[in-house]
Structure formats: structure tokens, C-alpha cells
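>>> compute the structure for the input listed below.
(one chain, ligands or ions: 2)
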Amino acid sequence: MDLSVVIPIYNEETNLSALNTRLTAVLNTLPLQAEIIYVNDGSQDKSLELMRHLAAHDPRVHYVNFSRNFGHQIAITAGLDICSGAAVVVMDGDLQDPPELIPELYAKLQEGYEVVYAKRRSRQGESAVKKLTAKFFYRLLARITSVNIPLDTGDFRIVSRKVVRALKQMPEQNKFIRGQISWIGYRQTFLEFDRSERAGGTPGYTYSKLIRLAMDGITSFSDLPLRIASIGGFAVSGVAFAVMLYAVYARFFMQNYGVGWPSLMVSVLFLGGVQLMAIGIIGEYIARLGANSRQRPLYIIDDTDLAEEGSEYFGR
Ligand code: UDP
Ligand code: MG
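Ligands and ions are numbered 1, 2, ... in the order given. This is a model prediction of the structure:
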């Protein structure tokens, strides 16, 4: 197999047919043996029936059906686990990532790169708030992490088999695949494209899912929040100590010392707040430690046309 295309699908019934048509048209122009793998991430609409139908009518098309919604990053992981191409494209199923870019991505990969990611030159049809928070997040991440995670890039990219093998060796539960791929190294480059609007349907990424992804990105690749918590703790204790000295001084050497209520409240609340914040940050890391030590499979496959039930892919 020369090329696999992995597409996570969550409630994309309005886009699947158009996507498949455009994608197969592109693949037909390439002199390659190719496969398309749709990973159904617990869709509640007709996505699963549609992809079963597509798979039944085209031997290049396959599906993997999760037992529930496990999330976009896990769906990509499952696709990467099960695909067999020497090169693998990962793209969204809402036509925001144009299939027509695949030949260019593939050609670039053949120039001797292991990763070619598609960088958004522009983004259409997304709210100003989303664009702004995304922009802010990528810049923050770039500043506080040690790996160079490319700016303004989603998961749309092509990677070589070497990278897929490396990814399979990273068993972390809280996936932030674009960060992991940067961490892996090798020769990486990018192509620019204009990201269009979602063709139909509604975004499956709710704000809470986005926040979780952002937290996974930060905690997987940076310990800076922990350091801020401890440095902040020291700084605040220093201030508190100075205030304490002042309080003692006022008690013994000043005449009108009695009125301490506001300063007492302020310092108690402030200290309490800082402590809770620091504990919260530590908690985020501990929660992820916990998830990893439980060693649960990342996903449960209900059925797929790619592997026999009972094979290693079920309940990995
Ligand atoms: N997706 C998924 N599981 C989810 C949410 C989204 O597999 O829980 C898929 C979705 O079908 C799409 C891709 O991930 O193919 C990107 O999702 P979306 O378009 O909602 O994200 P956005 O483009 O808004 O970042
Ligand atoms: Mg989208």
C-alpha cells in the first residue's frame, strides 16, 4: 500500500458523500495504491451507515467503528494504528481540509521529508473569537514548550511510515498528535493552504473539547505551569512574610494598630486563592498521570471491515 488517508468522522452525514467523491477523484489521478479509512467516532447520525455503504462499493474504502465517542485525537490514533500505507494523510471529514492538496503533499514527501504539514494561510467561516483564541494558544504553546510545534497548523498533514511507527511507540492517553509529531523529529516541512468553511453540519469540537485539547497540549509538552505554581507560591509567601513582619511591628510599636480586619481578609483570601490555583495545576498533571497508569486501551472498536474480530486491533 502506497498511501492511506485517515479521516476521523463525528456526525458528518452531510459531508461524507461529497468528501468521498472529491477524495476518490483525487486518488484516481495518482498512480498509487491507496486506501481511505474512515474512523467513526461514535456519531449519532447516519455517518456509520454512509461509510459502510461507501466501503461496500469501493474496495479502497474502509471503516472503523468505535463503541462510543472517544475524541478526534484518539480517532486519528486508531486510523494510524490500522492503516498500512507507506505514506499516511490525516485530514478532517468536514471538507475544511481540501483533498485536492494531497498530490502536492505526497510529492513534497517524496522529496525526502518524513512529515509535510499543511499550514493554514487563512481560515474562513470561523468566528473571530475562535480564530483569536487559536492564535493565542499556538503562540503560548510555542513559548512554553521545548518542542517546536508549528504555528497555525491542525492535524492535516502527510507522514511517512517511520513517523507512524514512532507514534505507535508513544502510548500516552492524552494525545496531542501535532505535538508528538514535532517531538519525533526527522525532516519536516510544510505547504500553505487556504482553509475553507466547514461544508455542512456543525463542529464536533465543542469549546469544552477544545479546552481539553489545549490542556493536553500544554501538559504533555511543558512543565512550565508547575514551575509557575511553585515560583508563584514562593513569591506570594514572600509578600505574606513581609506583611507578617509589618503586622508584628504595628502591634508592638504603633499606637493605632487595632483595625486589622480588611488586611486580614485580603491576605487570607489571596493566599487561599493562590493555593487553590497551584493545587489545581498540580491536579491537572496528576490526573494525566492517573490516566496513564491505568493503562486502559485508548479506544474500543465495535466493528471494522479491516481486521478480524479478536485481532490485536480490537480493544487495543
Ligand atoms: N471529530 C471527531 N470526534 C469528535 C469531534 C470531532 O472525530 O469528538 C472529527 C470531525 O468529524 C472532523 C474533525 O474531527 O472530521 C474536526 O472536527 P471539527 O470540524 O468539529 O473541528 P474544527 O474544524 O472546528 O476544529
Ligand atoms: Mg472543522
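>>> contacts, neighbours, all on C-alpha from now
Noted.
>>> who does K119 bridge with?
In this entry, K119 is beta-bridged to T153, E192, by DSSP bridges.
>>> in stretch 94-105, what counts as buried?
D94, L95, Q96, D97, P98, P99, I102, L105 (16 or more other Cα atoms under 10 Å).
>>> make sure the fourth one is indeed in a helix.
It stands for D97. No. With DSSP: H, G, I helix; E, B strand; the rest coil as the criterion, D97 is assigned coil and is not in a helix.
>>> and the helices in the stretch 151-300 of the chain?
All helices of the stretch 151-300 of the chain, identified by DSSP state H, counting those that start in this stretch, fall at 161-168, 177-184, 207-221, 224-253, 261-294.
>>> Y138 is nearest to which of the ones you listed?
Nearest to Y138 among these is helix 207-221; the distance by Cα to Cα comes to 9.1 Å.
>>> give me the contact list for the helix or strand in which I7 is found.
For I7, the host element (DSSP states H and E) is strand 3-9. Strand 3-9 has contacts (Cα atoms under 8 Å, 6 or more residues apart in numbering) with 32-41, 43, 47, 72, 75-76, 79-80, 83-93.
>>> just the ones in strands from those residues, please.
Applying DSSP state E to the contacts of strand 3-9, the entries found in strands are A34, E35, I36, I37, Y38, V39, N40, A87, V88, V89, V90.
>>> how about low-confidence regions in this structure?
By pLDDT under 70, the low-scoring segments of the chain are 256-259, 261-262, 309-310, 312-316.
>>> ok, now how distant is the spatially most distant residue from the centre of it from Y249?
Most distant residue from the mean C-alpha position of the chain: Q255, 60.8 Å away (Cα atoms, centre = their mean). According to Cα to Cα, to the nearest Å, Q255 and Y249 sit 11 Å apart.
>>> now E12
For E12, the distance to Y249 equals 69 Å [Cα to Cα].
>>> more crowded one of these two?
Neighbour count, other Cα atoms under 10 Å: between E12 and Y249, E12 has more, with 27 against 12.
>>> can you name the residues of the protein that neighbour ligand 1?
8-12, 41, 71-72, 75, 92-94, 203-205 (Cα under 6 Å from any ligand atom).
>>> please repeat the previous calculation with a cut-off of 5 Å.
P8, I9, Y10, G71, H72, D92, G93, P203, G204, Y205 (Cα under 5 Å from any ligand atom).
>>> in ChimeraX, how would I select just the buried ones from those residues?
Written as a ChimeraX command, the selection of buried residues from those, which uses 16+ other Cα under 10 Å, is:
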select :8,9,10,71,72,92,93,204
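>>> so of the residues of the chain next to ligand 1, which two are at opposite extremes in space?
G71 and G93 (13.6 Å).
>>> check contacts around the residue most central in space within the chain.
Of all residues in the chain, the one closest to the mean position by Cα atoms, centre = their mean is F176, 3.9 Å from it. By Cα under 8 Å, 6+ apart, the residues touching F176 are Q73, L213, D216, G217, S220.
>>> equivalent analysis for G204, please.
Going by Cα under 8 Å, 6+ apart, G204 touches Y10, N11.
>>> go again with 10 Å.
If a contact means Cα atoms under 10 Å, 6 or more residues apart in numbering, then G204 has I9, Y10, N11, E12, S43, G71, H72, D94, L210 as its contacts.
>>> pretty sure the fourth one sits against P203.
Yes. Counting by Cα atoms under 10 Å, E12 touches P203, with 9.2 Å between them.
>>> common neighbours of those two, please.
D94.
>>> overlap of the contact sets of G71 and G93?
Common contact partners of G71 and G93 (Cα under 10 Å, 6+ apart): P8, I9, Y10.
>>> can you tell me which of those residues lies nearest to V116?
Of all the shared contacts of G71 and G93, V116 sits closest to P8, with 19.1 Å by Cα to Cα.
>>> ok, the closest residue to E13 other than its chain neighbours - contacts?
Setting aside the residues directly before and after it, E13 is nearest to S47 in space (Cα to Cα, 6 or more residues apart in numbering), at 4.7 Å. By Cα under 10 Å, 6+ apart, the contact set of S47 is 9-17, 38, 40-41, 53.
>>> and S47, how far from A307?
Counting by Cα to Cα, the gap from S47 to A307 is 20 Å.
>>> returning to that earlier point: now flag whichever of the contacts of F176 is closest to ligand 1.
Q73 (7.4 Å; Cα to the nearest ligand atom).
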